[in-house]
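> Predicted structure and sequence below. I'll ask about it afterward.
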Amino acid sequence: MSRTWTASLSLALAVVPAVAMADMFKPSVSQQIELGQKAAAQFRKETKILPDSDPRVRIVRQIGNKLVAQIPKSERDKKPFQYTFDVVDSPEINAFALPGGPIFFYRGLLDSLTTEDQVAGVLAHELAHIRSEHWASAYADNQKRQLGLSVLLILLNANDTAFDIASVTDELLFTLPYSRRHETEADKSGFNLMVSSGWNPQGMADVFKVLKEKGGSRKTEEWISTHPDSDRRIRDIQARINQGGATYPAQRPLSSSVRTRSYLSSRRALPVVR
Ligand SMILES: [Zn+2]
């Protein structure tokens, strides 16, 4: 790259606001919905999903829908994400959100929890990732890094969007990590949604403690793993609970049908010695 070229490139980039550059690579709300729906359909085909009639699916959906009902109408109108909740029949301790609405909760994670408020903590955090379009932002940042400045300049001259829905791979959909800022934001926003929906936010802090003890696999979610940030995040949530002196309702234990079902299925998963 010649000096002059570099100089004019820098000049061109300097006059373009950073926000505009990020937005150019960011999938729109409707594109996020389309991507999420496709990926979710594929995932449901390839994975064992518990049936609608299962009490564990019913409770996750009941809690999820109660949280969704508290999202302001103005936001729902602007971002008509189609929130769905499924339970994956796997002992993996995990949960993740796809862009545009689908949330998958793993049986292994549900088995580790004891209250509805803890389930709400996981769901509120995942909902926050979708509501704040964290995947789309992470994708835009990733694309900018990958493409480099010269391509960026050409695209800027083209004065068009650089997002191509066909270019999104499964790898990017399922494994693109959220930034630490996104996680902190999802904790805060999830906390507020839990409180406005009538759950005890202690449930969210509990989940981190449970996960810290049990560990777990890493997928999209860093909070599933024994991430070094766990202690800080537990402290932050705890501090928020103690702030303002608000009192919260007692945590509600998960119903015995959910607990029993979890116990039976985990028993079934054990190898049988005859
Ligand atoms: Zn997260």
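Yep, it's here.
> can you tell me how far the closest residue in space to I71 that isn't next to it in sequence sits from S257?
Of all residues not flanking I71 in the chain, R131 sits nearest, at 6.8 Å (C-beta to C-beta, 6 or more residues apart in numbering). From N, CA and C alone the C-beta is placed, and that goes for glycine too. Using C-beta to C-beta, to the nearest Å, R131 is found at 31 Å from S257.
> How are the helices of the stretch 101-250 of the chain distributed by residue range?
All helices of the stretch 101-250 of the chain, identified by DSSP state H, counting those that start in this stretch, fall at 107-112, 116-131, 134-158, 170-175, 180-196, 202-214, 230-242.
> and these as CSV, adding mean neighbour count and mean pLDDT?
Conversion of the helices of the stretch 101-250 of the chain to CSV gives the following (neighbours: other C-beta atoms under 10 Å; pLDDT from 0 to 100):
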stretch, mean neighbour count, mean pLDDT
helix 107-112, 22, 92
helix 116-131, 26, 96
helix 134-158, 16, 76
helix 170-175, 14, 81
helix 180-196, 19, 92
helix 202-214, 20, 86
helix 230-242, 16, 88
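> now those as JSON lines including distance to R61?
Shown next, in JSON lines, are the helices of the stretch 101-250 of the chain (distance: least, C-beta to C-beta, whole Å):
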{"stretch": "helix 107-112", "distance to R61": "12"}
{"stretch": "helix 116-131", "distance to R61": "10"}
{"stretch": "helix 134-158", "distance to R61": "22"}
{"stretch": "helix 170-175", "distance to R61": "22"}
{"stretch": "helix 180-196", "distance to R61": "16"}
{"stretch": "helix 202-214", "distance to R61": "17"}
{"stretch": "helix 230-242", "distance to R61": "25"}
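> so which of those gets nearest I59?
Among the helices of the stretch 101-250 of the chain, the nearest to I59 by C-beta to C-beta is helix 116-131 (7.0 Å).
> Quick one: work out the angle between that closest one and helix 180-196.
Counting by axes from the mean of the first three to the mean of the last three C-alpha atoms, to 10 degrees, helix 116-131 lies at 130 degrees to helix 180-196.
> Next, the contact list for N200, please.
Contacts for N200 were tallied using C-beta atoms under 8 Å, 6 or more residues apart in numbering; they are D117, M194, Y248, P249, A250, Q251.
> Swap in 7 Å and give it another go.
Taking C-beta atoms under 7 Å, 6 or more residues apart in numbering, we find N200 in contact with D117, Y248, P249, A250, Q251.
> backbone phi and psi for A69, please?
Backbone torsions of A69, given as degrees, to the nearest 10, read phi -60, psi -20.
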